[in-house]
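1. here is a sequence with its predicted model. Questions after.
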Amino acid sequence: MNRALALAVLAAIPALAALFHLLGRSGLRPLDAHLAGLATYWALLALALARCGGWSLRLRRPSAAATLALAALVLAAALRWGTAPAQLSPGVLVVAALAAAANGALEEAFWRGALLPRPGRGAALAAGALFVAWHLAPAAGAALSGQDAARLLAGAALIAPVMTAARLSSGTAGTGALAHALVNFWVFSALAAANGHPL
């Protein structure tokens, strides 16, 4: 594991949690505040990725077990939140899709790429724990209820091992990034619909 990045993550999580909390109480609509917090997070990930190597988003097929697990995650998200996109205006739907693509690519490149340039089992477990811990930051915002925040953490704990298995078996974070973006599309669409964004 890249120790410098891991230490930076440990410092950034409370700062990002404070930012999400402040944005949530800033008078912005909850989803707008959440998106502003995510944009800051994405900028930090992009900066970290620009400064270090050890990551690839090339699409390579992971093991059969990892491929099935990725497909199951995407299917479960589509079944759970499948009607959400139809509740959104075309503009909001485009924003949800772009946010999902950015989040999936940046998170996989960072959490399963740059943070794990030469992944081993112990490093992968530690990176997965940090990935779940990062989700405490958006949980501090106003766009998520307490129940939704708990689901966010549980979802992160569910996808982390699957994405890591795909990374370990394929040597790249690309397939995980694609699956992550698809899952995020359904989740972000549901979040937008739940926060009353108009048709």
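-> Yes, it's here.

2. quick one: contacts for residue 93?
-> Neighbour list for residue 93: 85, 189 [criterion: Cβ atoms under 8 Å, 6 or more residues apart in numbering]. Every residue, glycine included, has its C-beta placed from N, CA and C.

3. what about it, helix or strand, and which?
-> helix 90-109 (DSSP states H and E).

4. helices or strands up against the helix or strand that that helix is followed by?
-> Using DSSP H and E, the helix or strand that follows helix 90-109 in sequence is helix 121-134. For helix 121-134, the elements it packs on are helix 3-24, helix 146-170, judged by 3 or more Cβ pairs under 8 Å, 6 or more residues apart in numbering; DSSP states H and E.

5. now the last one, how far from the centre of its chain.
-> In terms of Cα atoms, centre = their mean, to the nearest Å, the gap separating the centre of helix 146-170 from the centre of its chain is 9 Å.

6. contacts for it next, please.
-> Contacts with helix 146-170, where a contact means Cβ under 8 Å, 6+ apart, come from 60-63, 65-67, 69-70, 73, 108, 111-113, 116, 119, 124, 127-128, 131-132, 134-136, 138-139, 144, 173, 175-176, 179-180, 183, 187.

7. go again using 7 Å as the cut-off
-> The contact list for helix 146-170 (Cβ atoms under 7 Å, 6 or more residues apart in numbering) reads 60-63, 66, 69-70, 73, 108, 112, 116, 119, 124, 128, 131-132, 135, 138-139, 144, 173, 175-176, 180, 183.
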